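Asks: next comes the sequence, and after it the predicted model I'd like to discuss.
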Amino acid sequence: MRGINDLRTILINNSYPISIKNQIQVNGINISTVCSPISGGFQCTCEEEYRFSCDQCLMYGSCDNITVDTCGCLNAIPPDGQYCQLVYQNNFTACPTTTPPPPTISTAPPLLYEFLVSIELNTTDVTVINKLRAILRNISYPVSINNHIQLSDINITTVCSPISGGFQCTCEEEYRFSCDQCLMYGSCDNITVDTCGCLNVIPPDGQYCQSVYQNNSTTVFSMAANKTDPRATTANVTNSKLVVTTVMNTTTAATTAVTSKGHKAVVA
């Protein structure tokens, strides 16, 4: 490598043109290509202002980027003896154009996620519960929130009302408390088919009445198997306290919870 650097110095310091006899004159001498041994072969690198043509870069493999239809390094000694060429004196052949394949368009339908959202509402006006029932009955479902989220149904599940010294929580139609809740917190009606419809307390674990169609465990609910799931949303009320449960279909994996002052609601 030292010999190459010495040669560069000599050529740079030469005065040109150089006359050889009366008929020959050398106007300039430059190094164009330096090929150095690497493991298992050679690597040829162009000097400044010299480049390999694109067809050579593709045929022998470039060891740098191909830019402006040329490269500055090959992973081989060109077997045809065609070394780096001066960029000012050669119109390098353009690289062949390649047409990228068209993008693959997926025909698979988007993933659909289903969430059961519970909203808990607190109100001091019991008429609010009846008004909410009327509003929910008159809504046409599904309700589209945006292009990705759709509400399939919204229902009241549980109403908790104040009684002397506490609260009493009653399930709405087609909603029940599980047997373990009835035994743990005390039912205010009979336990039938492993469920009850009323508790003498607001469940401290936040587990309000559940749809009889969406819970079929024999230890919790034992309902007729020939009923179909209405896929409803639910809500509960206390103070009166109201709990609402909603079935939400969405192509975006997300969960939403809402609490409004004066009314407490949970959407599941």
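Replies: Structure's in. What do you need? Residues are numbered from 1 along each chain as shown.
Asks: surely residue 75 is in contact with residue 58?
Replies: No. If you go by C-beta atoms under 8 Å, residue 75 and residue 58 don't touch, sitting 11.8 Å apart. Bear in mind the C-beta positions are built from the backbone N, C-alpha and C, glycine included.
Asks: can you give me the helices for the stretch 101-250 of the chain?
Replies: Remark: helices assigned in the stretch 101-250 of the chain by DSSP state H, counting those that start in this stretch are 127-137, 179-185.
Asks: with only the CA atoms kept, save the last one in CSV.
Replies: Taking only C-alpha atoms (Å, rounded to 0.1, in the frame of the first residue of the first chain), the coordinates of helix 179-185 have been written out as CSV:
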residue,chain,number,x,y,z
CYS,A,179,-75.5,-16.9,43.6
ASP,A,180,-72.2,-16.2,45.4
GLN,A,181,-73.1,-12.5,45.5
CYS,A,182,-76.6,-13.3,46.8
LEU,A,183,-75.1,-15.3,49.7
MET,A,184,-72.1,-13.0,50.3
TYR,A,185,-74.0,-9.6,50.4
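Asks: so what touches that helix?
Replies: 191, 194, 195, 196, 199, 200, 201, 203, 207, 219, 220 (C-beta atoms under 8 Å, 6 or more residues apart in numbering).
Asks: and it, what's buried?
Replies: 179, 181, 182, 185 (16 or more other C-beta atoms under 10 Å).
Asks: low-scoring stretches of the stretch 51-200 of the chain, by residue?
Replies: The stretch 51-200 of the chain contains no residues with pLDDT under 70.
Asks: one more pass at 80, please.
Replies: 89-91, 93, 96-101, 105-113, 115-118, 124-126 (pLDDT under 80).
Asks: picking that back up, closest one of the buried residues of helix 179-185 to residue 154?
Replies: Among these, residue 181 lies closest to residue 154 (C-beta to C-beta), at 23.2 Å.
Asks: tell me how far that closest one lies from residue 195.
Replies: 9 Å (C-beta to C-beta, to the nearest Å).
Asks: hmm, back to that, filter the contacts of helix 179-185 down to the buried ones.
Replies: Counted by 16+ other C-beta under 10 Å, the contacts of helix 179-185 give 194, 195, 196, 199, 203, 220 as buried.
Asks: give me the sheet partners of the longest strand along the chain and which way each runs.
Replies: Identified as the longest strand of the chain according to DSSP state E is strand 149-163. Note on strand 149-163: by DSSP bridges, its sheet partners are strand 143-144 (antiparallel), strand 166-171 (antiparallel), strand 234-238 (parallel), strand 241-250 (antiparallel).
Asks: mind listing what's buried in it?
Replies: 149-161.
Asks: domain-wise, how is the protein divided?
Replies: Annotated domains of the chain cover 31-95, 113-267 [automatic domain parsing].
Asks: residues near residue 99, how many?
Replies: 5 (other C-beta atoms under 10 Å).
Asks: gap between it and residue 71?
Replies: 22 Å.
Asks: equivalent analysis for residue 55, please.
Replies: Taken as C-beta to C-beta, the span from residue 55 to residue 71 is 11 Å.
Asks: those two: who's more crowded?
Replies: A side-by-side neighbour count of residue 55 and residue 71, using other C-beta under 10 Å, places residue 71 first with 24 against 15.
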